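When you get a sec, could you give me coordinates for this:
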Amino acid sequence: MKEKLKNRKKEIMLVFIIAIVLIFFFSGFSMGKGFSRKNVNGNTEIAKPILQVENGTNLEINNINNKGIYEFKVKNYNEQGEKTDVDLEYYIEILNYTGKENNGIELRLFKNDQEVQINGNKTEKFVLTKDEMKEDNYKLEITYDKSKNTNMQDIVKQLQIKVHSEQKQEVV
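A predicted model of the protein is given here:
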């Protein structure tokens with residue numbers, strides 16, 4: 001009889017433990033199904049990056065007129081007087097369409113009367129800040145040396161100046 005009573009207590013205890021485990025299992029499930037909803041309203045505008053390039057007049061370089069200066073400007077504001085909302089980084093790339101590296105054309109670039117190095121047809125990066133209206137004045141001095149060029153067809157037909165810009169990353 002004691003053994004039956006012992007077995008009965010074990011059965012009751014086992015049922016009680018299984019019931020507790022099931023209660024915890026299902027209560028966790030039902031709590032996980034709850035959700036809340038919040039409405040958040042914001043009033044924001046997208047920043048306007050403004051980088052304006054004013055081109056100069058076209059030049060013609062040849063055997064007779066072998067030197068020219070092409071002037072252009074890079075500004076952080078437009079004609080309406082709106083300035084950029086963000087700091088901008090930019091660099092200048094000068095492309096030559098002959099496909100030849102040494103074709104008798106020598107290029108020198110000046111920014112605000114200071115010479116700028118051109119490496120791999122690109123300049124270093126420059127910054128225009130949003131704090132003040134600013135313009136950078138550039139002069140591209142192009143010289144053709146016909147002694148370095150043996151064939152007239154190798155002369156550069158066209159130089160293209162590209163200004164690449166992006167929003168300056170802020171260090172946090």
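
Tell me the helix or strand right after the host helix or strand of L22.
When elements are assigned from DSSP states H and E, L22 belongs to helix 2-32. The helix or strand immediately downstream of helix 2-32 is strand 52-54, counting by DSSP H and E.

Return the list of strands paired to that following strand, each annotated with direction.
strand 67-75 (antiparallel) (DSSP bridges).

ok, and for the partner strand, which residues are buried?
Residues of strand 67-75 classed as buried under the neighbour-count rule (16 or more other C-beta atoms under 10 Å) are 70, 72, 74-75. (Each C-beta comes from the backbone N, C-alpha and C, glycine too.)

Show me the contact partners of stretch 158-172.
With contacts defined as C-beta atoms under 8 Å, 6 or more residues apart in numbering, stretch 158-172 is touched by 47, 49, 51, 53, 70, 72, 74, 86-97, 105, 107, 127, 140, 142.

now do 6 Å
Contacts of stretch 158-172 with the rest of the structure, by C-beta atoms under 6 Å, 6 or more residues apart in numbering, involve 49, 51, 53, 74, 86-97.

Out of those, give me the one that has the most neighbours.
Ranked by neighbour count (other C-beta atoms under 10 Å), those have I92 at the top, with 24 neighbours.

residues contacting the nearest residue to that one once chain neighbours are set aside?
Leaving aside its chain neighbours, I92 sits nearest to T123 (4.6 Å; criterion: C-beta to C-beta, 6 or more residues apart in numbering). Contacts of T123 were listed using C-beta under 6 Å, 6+ apart, and they are 91-92, 116.

Same list (these) but as TSV, adding distance to L159 and pLDDT.
Converted to TSV, these look like this (distance: C-beta to C-beta, whole Å; pLDDT from 0 to 100):
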residue	distance to L159	pLDDT
Y91	16	96
I92	12	95
V116	16	95
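
ok, so of these, who is nearest Q80?
Sorting the contacts of T123 by how near they are to Q80, with C-beta to C-beta, puts I92 at the top with 24.8 Å.

my guess is that closest one is in a helix, correct?
No: the assignment for I92, made by DSSP: H, G, I helix; E, B strand; the rest coil, is strand rather than a helix.
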